[in-house]
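In: just a sequence and a predicted model for now, questions to come.
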Amino acid sequence: MDHQQTKPNPNDTIVACATPEGYSSIGVIRVSGDRAEAIVQRIFKPGHSETIFESHRAYFGDIIDQASGKVIDKVITTFHKKPYSYTGEDVVEISCHGNPLIIDRIINELIAQGIRLADRGEFTKRALLNGKIDLLQAEAVLDTVYSPCEEVRKLAIAQYEGKLSDTVRHIRRKLEDILVITEAQIDFGDEEDVQGRTQTARSMDDLRSLKAEIETIVQYAEIGIKMKKGYRVLIMGRANVGKSTLFNRLVGYERALIHPDPGTTRDFLEEHIEISGLLIRLFDTAGILNKPHGPDKLAQERSGQLIEQSDLIVLLFDGSEPMNEQDVYLYNLTKEKKTIAVVNKVDLNMQLNESDILSDSLKISAKTGKNMDMLLVRIKTSLMPVVCPSDNCLITKQRHMHVFREVLACVQRSLEARNEEMTAFEVKSALHTLGTLTGETLDANVLDRIFEEFCIGK
Ligand SMILES: Nc1nc2c(ncn2[C@@H]2O[C@H](COP(=O)(O)OP(=O)(O)OP(=O)(O)O)[C@@H](O)[C@H]2O)c(=O)[nH]1
Ligand SMILES: [Mg+2]
């Protein structure tokens, strides 16, 4: 779209298309701001002769080209009066036919009436500034739209509902209580309670238990962040064991070349799949040959390089042949990493000798699909061996993890403080740092950077 953008003013009434570019059955145009209703009314002719539009009701009618008086499209408009809207302002949504030409024409008509095109994330930013949501929830909106897999979608919606914000509020309340007590000590000295414990001792206990709570959050943050990035799972094995056949079966179509000659796969292949709600970045790799040279040697080196960054290796063995030195070589090469040993081709006569390497192996046939369900369970449980204590507040962003780490450092320093003044100082910094999570104490430039990740119309 080539609409001219004017200098952003947070009080302007804004417009943008909320649905993706391209053809679709419906396209949604969103207008937000004080003039939303009046501006839309100028170009919208309702099917019946309504003149007053009720909030949260849909009206069928025509959008009229102001120059020619002709109909641009038949649409449904919905009015959301403030504060009961996404942005907290008056919002009108126009559902038109999802043709980019129509959407552009309608937006241009609205801009011609004196409103402007929204910036990236400006609707959500207004929701934040109007107190409809906090920053954690605003960020979760983006995750809700772009969740790469079911587990991350669940986390995103929980954060949008405010679960992580609740945790932050709970930590803040505890810090505030500690601060009140500490400041009272500074002013009035330490007092003993009925059990003879001093206030200082009680504050220290509270700080210690808070520290443990934050440590758990930080500890599990890696899991949430990883879940969002996706787990790197490699299929490895010597040449011809059926890696590409397994890869194709997991991916669900004939992605990789399969051939009875060894050395078929050279460049590794990567595809994204979902296994039990987890995003998996699955790699098919070149097999290990006996005496590789030329491109086979390069391909083999590539496979080796992938091992380092992998989260899990599915180490494949050919059940129809005895184990050989390449199998053992690969086993040793991947020993330090998380691996699942899998014996393939169980539909053929088994020639593979028993070995320690295979003690816990799973037997499958990539060709017939035998035991694939068991393999999927193994992959999931290997990647997610633990049940997170409270997955509702599992962090999925580096920014959040850094803030929690910083809060943890403040709490740690407050525990080590030499006097109440220093304790109070560190508790105050912890509170300030915590405020950057929900947005209260966040620098405006950082806020802008966060919203730059959004698309226009969100
Ligand atoms: N019977 C049987 N044959 C299989 C099975 N899996 C793979 N094959 C066959 O084994 C041969 C090699 O399969 P690929 O999937 O190309 O093996 P690969 O490990 O990717 O081989 P390279 O890329 O050369 O390392 C092909 O002829 C497959 O049809 C299986 O479960 N059962
Ligand atoms: Mg292959």
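Out: Looks like it arrived, so ask away. Numbering: from 1, shown residues only. Ligands and ions are numbered 1, 2, ... in the order given.
In: can you list the buried residues in stretch 209-225?
Out: By 16 or more other Cβ atoms under 10 Å, the buried positions in stretch 209-225 come out as Leu210, Lys211, Ile214, Ile217, Val218, Tyr220, Ala221, Ile223, Gly224, Ile225. Heads up, the C-betas are built off the backbone N, CA and C, glycines and all.
In: surely the first one is in contact with Arg173?
Out: No. Between Leu210 and Arg173 no contact is recorded; they are 10.4 Å apart, counting by Cβ atoms under 8 Å.
In: near ligand 2, which residues of the stretch 251-400 of the chain show up?
Out: Thr264, Thr265 (Cβ under 5 Å from the ion).
In: contacting residues around the closest residue to ligand 2 within the stretch 251-400 of the chain?
Out: Nearest residue of the stretch 251-400 of the chain to ligand 2 (Cβ to the ion) works out as Thr265 at 3.1 Å. For Thr265, the contact set (Cβ atoms under 8 Å, 6 or more residues apart in numbering) comprises Lys243, Ser244, Ala256, Leu257, Asp284, Thr285, Ala286, Gly287, Ala299.
In: of those, buried ones?
Out: When neighbours are counted using 16+ other Cβ under 10 Å, the contacts of Thr265 contain these buried positions: Lys243, Ser244, Ala256, Asp284, Thr285, Ala286, Gly287, Ala299.
In: for the residue of the stretch 201-350 of the chain found nearest ligand 1, give me phi and psi.
Out: Residue nearest to ligand 1 within the stretch 201-350 of the chain: Gly287 (2.5 Å; Cβ to the nearest ligand atom). When read as degrees, to the nearest 10, the backbone of Gly287 gives phi -80, psi 160.
In: list the contacts of the nearest residue to it once chain neighbours are set aside.
Out: Closest residue in space to Gly287, ignoring its immediate chain neighbours: Ala239 at 3.3 Å, by Cβ to Cβ, 6 or more residues apart in numbering. Ala239 makes contact with Pro262, Gly263, Thr264, Ala286, Gly287, Ile288, Leu289, Gln326, according to Cβ under 8 Å, 6+ apart.
In: next one: phi and psi at the second one?
Out: When you say that, I think you mean Gly263. Phi and psi for Gly263, reported as degrees, to the nearest 10, are phi 90, psi 20.
In: up against ligand 1, what does the protein have?
Out: Neighbours of ligand 1 within the chain, by Cβ under 6 Å from any ligand atom: 237, 239-245, 258-260, 262-265, 287, 344-345, 347-348, 365-367.
In: Ile76: what secondary structure?
Out: Following DSSP: H, G, I helix; E, B strand; the rest coil, Ile76 is assigned to strand.
In: what helix or strand is the closest residue to it other than its chain neighbours on?
Out: Nearest non-adjacent residue to Ile76, counting by Cβ to Cβ, 6+ apart: Ser95, 4.6 Å away. Take DSSP states H and E as the rule and Ser95 turns out to sit in strand 91-98.
In: please apply the same query to Leu234.
Out: strand 231-237.
In: what is the subsequent helix or strand relative to that strand?
Out: Immediately after strand 231-237, counting by DSSP H and E, sits helix 243-251.
In: show the subsequent helix or strand relative to that next one.
Out: Once the chain leaves helix 243-251, the next helix or strand it forms, by DSSP H and E, is strand 269-275.
In: that following strand vs strand 231-237, what angle?
Out: Here strand 269-275 points in a direction 120 degrees away from that of strand 231-237 (axes from the mean of the first three to the mean of the last three Cα atoms, to 10 degrees).
In: can you state the direction angle for strand 269-275 and helix 243-251?
Out: On the basis of the same axes, to 10 degrees, strand 269-275 is oriented at 40 degrees to helix 243-251.
In: what about stretch 276-296, start to end distance?
Out: Using Cα to Cα, to the nearest Å, the end-to-end distance of stretch 276-296 comes out at 35 Å.
In: ugh, wrong one, I meant stretch 271-282
Out: End to end - Cα to Cα - stretch 271-282 spans 5 Å.
In: run through who's touching that stretch.
Out: With Cβ under 8 Å, 6+ apart, stretch 271-282 has contacts from 148-152, 154, 227-233, 235, 247, 250-252, 255, 270, 376-377, 379-380, 383-384.
In: what does stretch 153-161 give?
Out: Stretch 153-161 is touched from outside by 133, 136-137, 139-141, 143-144, 147, 164-165, 224, 227, 277, 391-394, 396, with contacts defined as Cβ under 8 Å, 6+ apart.
In: residues of that stretch that come out buried?
Out: Of the residues in stretch 153-161, Arg153, Lys154, Leu155, Ala156, Ala158, Gln159, Tyr160 count as buried by neighbour count, 16+ other Cβ under 10 Å.
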